[in-house]
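Student: Turn this into a model:
(one chain, ligands or ions: 1)
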Amino acid sequence: MNIVGLTIETLHRALQAGETTVREVCERVLERIDALDGTIGAYLTVDGERALQRADALDRERREGAPLKPLTGVPIAIKDNICTRQLRTSCASRILHNYVPPYNATAVERLLDAGAVIIGKTNCDEFAMGSSNENSAFKIVRNPWNPERVPGGSSGGSAAAVAADLCVAALGSDTGGSIRQPASLCGVVGLKPTYGRVSRYGLVAFGSSLDQIGPITKTVRDAARVLRVIAGRDWHDSTSSNHEVADYEAALDGELKGIRVGVPREYFGQGLDEEVKRAVVMAIDRLADLGAEIAEISLPHTEYAIACYYIIATAEASSNLARYDGVRYGYRTARAGNLREMYRRTRDEGFGAEVKRRIMLGTYVLSAGYYDAYYLKAQKVRTLIQRDFTQAFAQCDVIAGPTSPTVAFRLGERTDDPLKMYLSDIYTITANLAAIPGISIPCGLSRDGLPIGLQLLGRRFDEATLLRVAHAYEQAYPFEHKPALEMSGS
Ligand code: GLN
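Tutor: Purely as a prediction, here's the structure:
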């Protein structure tokens, strides 16, 4: 069984035909992790033994006649800020280096109910704060397409694992682009659902009004499959929606005729790399060839999005991260004479530089004297950004543009300049501010052989249209490139 390029769809076909077993597939995946992940660094924890036990149990059920469930036997990797029972969940932070949750996130529970096999936990930026995975407290992730480049972030481990075939699909989380941007930089599919579409129960909170869990996969169909499994109301999360969960896979087929694609003027200006621009413009022309109507639109408040996001996200983070105090769980300093000192030292030793920067920024914008000038103002700007989208979606059904202004950048290139790092989030953060869904699909390679992503944004709870357009593109213009990864014995 060759697992390179293996998708949920092809895996199920092979299982159905009796050509392989869940155990065999899991063994191949674990072997590949063994051979390649020392270099890539996508996993923080590999749960091999339990994965194989579960694989055997699933094979047994199958032999006894159980039908395939939507994800039976699918080796899935989970970002390390999503809780997994009895499996370390560190958020790539020293402060949670030894945290083993007593419960599963709802999304994880639903994957397991659908038959998935959890392979392990993937590396990420500490508490999902970053765009390059360089903020992990434990190790960097190398982009499978070029080991000198970042995989993107913060779900860099999940995207790299999917791109390098170290799993079949993965979960990531997206607060300002953390699913879509690494998917773009690693040449895979990444979907951020509408806010409230997927339960956040068990997702370690970063920016609670922005965070969403979503799939990273090799194909649009696989993303549709995983989304259907994890979406839906959950009484553990009061912000999860009752909105009906569509049969996203059934909705994939259908023409693009009549679909109106809006192209925002503001997404093609300064800062956008020429090669990325060319590939994305060509992808949009192709959508037109497939029957979509293309219209130029405007999202006039885009230029305020970075400032707005980095106020709201840091404000929420400063409040969410107050709970890490060394008392109940996680890291506790060894050197403290009294309680205050224990708090201070624990947090000083437990958090990395970027997390501290955000806690300080967030505390500042929420402080009594500055609340109105920053936090309140940012909330008003957020409303204007939401209004931009409402107005745009009166003229179009989906919005198309680049996911990231550049291809994967060099490791270390932006670590000394946080603002430069933040600016690379310009096309993705607006979707979180507006609570709308977005998907990134590969649409080309740069001259240096690095993937370029096309981003599509949709109306709230209209993941079906988003997936349908992405699928039509993928079917007509399949992305047939793979990173060149040498592995002995395969
Ligand atoms: N890169 C953005 C940030 O650093 C987004 C992160 C995310 O979506 N989790 O905040």
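
Student: quick one: E349 from R332, how far?
Tutor: Using Cβ to Cβ, to the nearest Å, E349 is found at 9 Å from R332. Backbone N, C-alpha and C define where each C-beta goes, glycine included.

Student: Please read the previous query as pertaining to P483.
Tutor: With Cβ to Cβ as the criterion, P483 and R332 are 41 Å apart.

Student: now swap in F206 and tell me
Tutor: From F206 to R332 the distance is 22 Å (Cβ to Cβ).

Student: neighbour-wise, which of those two wins?
Tutor: A count of neighbours by other Cβ atoms under 10 Å puts F206 above the other of F206 and R332, at 26 against 17.

Student: residues from the protein in reach of the ligand?
Tutor: For the chain, the residues in contact with the ligand (Cβ under 6 Å from any ligand atom) are 128-131, 154, 174-178, 206, 313, 425.

Student: ok but V261 is inside a strand, no?
Tutor: Yes. Counting by DSSP: H, G, I helix; E, B strand; the rest coil, V261 falls inside a strand.

Student: Which residue is the nearest non-sequential neighbour of it?
Tutor: A292 (4.7 Å; Cβ to Cβ, 6 or more residues apart in numbering).

Student: Give me the neighbour count for that neighbour.
Tutor: By other Cβ under 10 Å, the residues close to A292 number 24.

Student: wait, what's in contact with it?
Tutor: 256-257, 259-261, 469 (Cβ atoms under 8 Å, 6 or more residues apart in numbering).

Student: Reformat these as JSON lines; add pLDDT and neighbour count.
Tutor: Output for the contacts of A292, formatted as JSON lines (pLDDT from 0 to 100; neighbours: other Cβ atoms under 10 Å):
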{"residue": "L256", "pLDDT": "94", "neighbour count": "22"}
{"residue": "K257", "pLDDT": "93", "neighbour count": "9"}
{"residue": "I259", "pLDDT": "97", "neighbour count": "20"}
{"residue": "R260", "pLDDT": "98", "neighbour count": "16"}
{"residue": "V261", "pLDDT": "98", "neighbour count": "21"}
{"residue": "V469", "pLDDT": "98", "neighbour count": "27"}
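
Student: before we move on, back to that, just curious, which of the residues of the chain next to the ligand is nearest to W145?
Tutor: When the residues of the chain next to the ligand are compared for distance to W145 (Cβ to Cβ), S131 wins out at 16.8 Å.

Student: For the protein, which segments count as strands?
Tutor: 43-46, 75-79, 117-122, 169-174, 189-192, 212-217, 260-264, 293-297, 398-402, 438-445, 451-458 (DSSP state E).

Student: elements contacting the fourth one?
Tutor: Strand 169-174 is packed against strand 75-79, helix 106-113, helix 156-163, helix 180-186, strand 189-192, strand 212-217, helix 220-230, with contacts defined by 3 or more Cβ pairs under 8 Å, 6 or more residues apart in numbering; DSSP states H and E.

Student: And the pLDDT at the residue nearest to V261?
Tutor: The model reports A292 with a pLDDT of 98.

Student: distance of it from T219?
Tutor: 20 Å.

Student: Check V281 too.
Tutor: For V281 relative to T219 (Cβ to Cβ), the value is 24 Å.

Student: And N135, by the same measure?
Tutor: Counting by Cβ to Cβ - N135 and T219 are separated by 29 Å.

Student: Then R88?
Tutor: For R88, the distance to T219 - Cβ to Cβ - is 30 Å.

Student: Tell me which of these two has more neighbours.
Tutor: Taking neighbours as other Cβ under 10 Å, R88 and T219 compare with T219 leading, 23 against 17.
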